[in-house]
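Peer 1: Just need the structure, nothing else, for what follows:
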Amino acid sequence: MDEEDIRKLPARERLEKCGSMLKNSKDESLRWDAVWLAGEIAETSDQNDPIFNEVANLMVWVLEHDDNGVVKHEAAFQIAARNMRKKIPDLVKSVLNDKSGLVKHEALEALGLMRAFEVEEMISKELSNENPDVRQTASFVLKRFARLKNIKTEYKPYNIL
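Peer 2: So this is what the prediction gives:
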């Protein structure tokens, strides 16, 4: 996954390298690696650190511009795993507009992981999505929401990693 030793680069250089790979590589497996390696930067950054927001913006760039559902799936996962709550509207956009059922599924799951209760109504509408995987994920997230509403704890990314 890191045959170029990208993890050894300082965070800023690492993010630039990952961004370049995401925007220029034709190899979706390399782009997937770049999403993961960039996400790790956010894991070790405070949410108020500008680089955290740059990583979050890169994940959204992937959701909006990559042509591979698996790569976009990983970007949606990273948004949830690093608790990038400001990107909830971008996940909603993916649920509503992406052509890939895989991406819609992961965006829904990410919303569930982040306890995005504020978009519960939109998620409910996905119960009638034509894709059975999207319907099943929407149902799962709504059941999870119902259960979690009774638990007064805040979502912490380290609980899933």
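Peer 1: Where does the prediction get shaky in the protein?
Peer 2: Across the chain, residues meeting the criterion (pLDDT under 70) sit at 1, 152-161.
Peer 1: what ranges do the helices span in it?
Peer 2: 11-24, 28-43, 50-65, 69-81, 88-97, 101-113, 120-125, 132-148 (DSSP state H).
Peer 1: Dump the second one to PDB, keeping only the CA atoms.
Peer 2: Right, helix 28-43. Only the C-alpha atoms of helix 28-43 are listed here, as PDB (Å, rounded to 0.1, in the frame of the first residue of the first chain):
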ATOM      1  CA  GLU A  28      -7.700   3.200  -9.200                       C
ATOM      2  CA  SER A  29      -5.800   1.000  -6.700                       C
ATOM      3  CA  LEU A  30      -3.200   3.800  -6.300                       C
ATOM      4  CA  ARG A  31      -6.000   6.300  -5.900                       C
ATOM      5  CA  TRP A  32      -7.600   4.100  -3.200                       C
ATOM      6  CA  ASP A  33      -4.200   4.000  -1.400                       C
ATOM      7  CA  ALA A  34      -3.900   7.800  -1.700                       C
ATOM      8  CA  VAL A  35      -7.400   8.200  -0.100                       C
ATOM      9  CA  TRP A  36      -6.300   6.000   2.800                       C
ATOM     10  CA  LEU A  37      -2.900   7.700   3.200                       C
ATOM     11  CA  ALA A  38      -4.400  11.100   3.200                       C
ATOM     12  CA  GLY A  39      -7.100  10.000   5.700                       C
ATOM     13  CA  GLU A  40      -4.400   9.000   8.100                       C
ATOM     14  CA  ILE A  41      -3.200  12.600   8.200                       C
ATOM     15  CA  ALA A  42      -6.600  13.700   9.500                       C
ATOM     16  CA  GLU A  43      -6.400  10.900  12.100                       C
END
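Peer 1: can you pull the contacts of Ser94?
Peer 2: Counting by C-beta atoms under 8 Å, 6 or more residues apart in numbering, Ser94 makes contact with 63, 72, 76, 103-104, 107. Where C-beta positions appear, they are placed from N, C-alpha and C, glycine not excepted.
Peer 1: between these, which is nearest Glu13?
Peer 2: Of all those, Glu13 sits closest to Leu63, with 23.9 Å by C-beta to C-beta.
Peer 1: Now for the closest one: which residues touch it?
Peer 2: Leu63 touches 72, 75-76, 90-91, 93-94, 98, 103, 107, counting by C-beta under 8 Å, 6+ apart.
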